[in-house]
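Chemist: Below are the sequence and a predicted model; questions follow.
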Amino acid sequence: MKKRILSLARWAQERGLHYTKAFRMVQEGRLRAERFGRNWFVIEEVDIPESPGVILTFFTHAGGAGKTSLARDLGFEMALRGQRVLLVDVDPQANLSAWLGVVEVAEEE
């Protein structure tokens, strides 16, 4: 069995529940969810056939081309589909890490 990660909102939507009700289930201990950054995620065990790993690299010298957004969105969608995903942010700006709640971004004054 593999694990699939779902946002709490997506988990509730798939079951026809309102997000507030799903969040209340987490607070009451009836649903196991984990907080990552500002978001809550439900981890489910699913039966998914084994597949070989794939490495994807997004690179261009051009700024503002959408590399970070594409990596974030693709990684999130693959995780929703039950794939194990590792996103590595080597950009000095660390926008991907900040979007995922891994690092705090200092506000400029």
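Modeler: Yep, it's here. On a predicted model such as this, the values are computed, not experimentally measured, just so you know.
Chemist: For the rest of this, base every contact and every neighbour count on C-alpha atoms.
Modeler: Will do.
Chemist: Quick one: residues in contact with stretch 25-43.
Modeler: Stretch 25-43 has contacts (CA atoms under 8 Å, 6 or more residues apart in numbering) with 3-8, 11, 22, 100-102.
Chemist: List buried residues within the residues you listed.
Modeler: Buried subset of the contacts of stretch 25-43 (neighbour count, 16 or more other CA atoms under 10 Å): 3-8, 11, 22.
Chemist: Please identify which of these is nearest to Ala65.
Modeler: For those, the closest approach to Ala65 (CA to CA) belongs to Ser7, at 26.8 Å.
Chemist: Provide a list of residues in contact with the closest one.
Modeler: By CA under 8 Å, 6+ apart, the neighbours of Ser7 are 39-42.
Chemist: Give me the subset of those lying in helices.
Modeler: Among these, no member falls in helices (DSSP state H).
Chemist: any idea which element the most centrally placed residue in the chain lies in?
Modeler: Residue closest to the average C-alpha location in the chain (CA atoms, centre = their mean): Phe76, at 4.5 Å. Assessed by DSSP states H and E, Phe76 sits inside helix 67-80.
Chemist: what's the next secondary structure element after that helix?
Modeler: helix 95-99.
Chemist: I'd like to know the average pLDDT value across that next one.
Modeler: What helix 95-99 shows for mean pLDDT is 82.
Chemist: buried ones in it?
Modeler: Buried, per 16+ other CA under 10 Å, within helix 95-99: 95-97, 99.
Chemist: Scan the protein for its longest strand.
Modeler: Criterion DSSP state E: the longest strand present in the chain is strand 39-46.
Chemist: Can I get that strand as PDB, trimmed to CA atoms?
Modeler: Extracted as PDB, the C-alpha positions of strand 39-46 are listed here (Å, rounded to 0.1, in the frame of the first residue of the first chain):
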ATOM      1  CA  ASN A  39      -2.500  24.100   5.100                       C
ATOM      2  CA  TRP A  40      -3.900  20.800   6.400                       C
ATOM      3  CA  PHE A  41      -3.400  17.500   4.600                       C
ATOM      4  CA  VAL A  42      -5.000  14.100   5.000                       C
ATOM      5  CA  ILE A  43      -2.800  11.000   4.300                       C
ATOM      6  CA  GLU A  44      -4.600   8.000   2.900                       C
ATOM      7  CA  GLU A  45      -3.300   4.500   2.100                       C
ATOM      8  CA  VAL A  46      -4.100   3.500  -1.500                       C
END
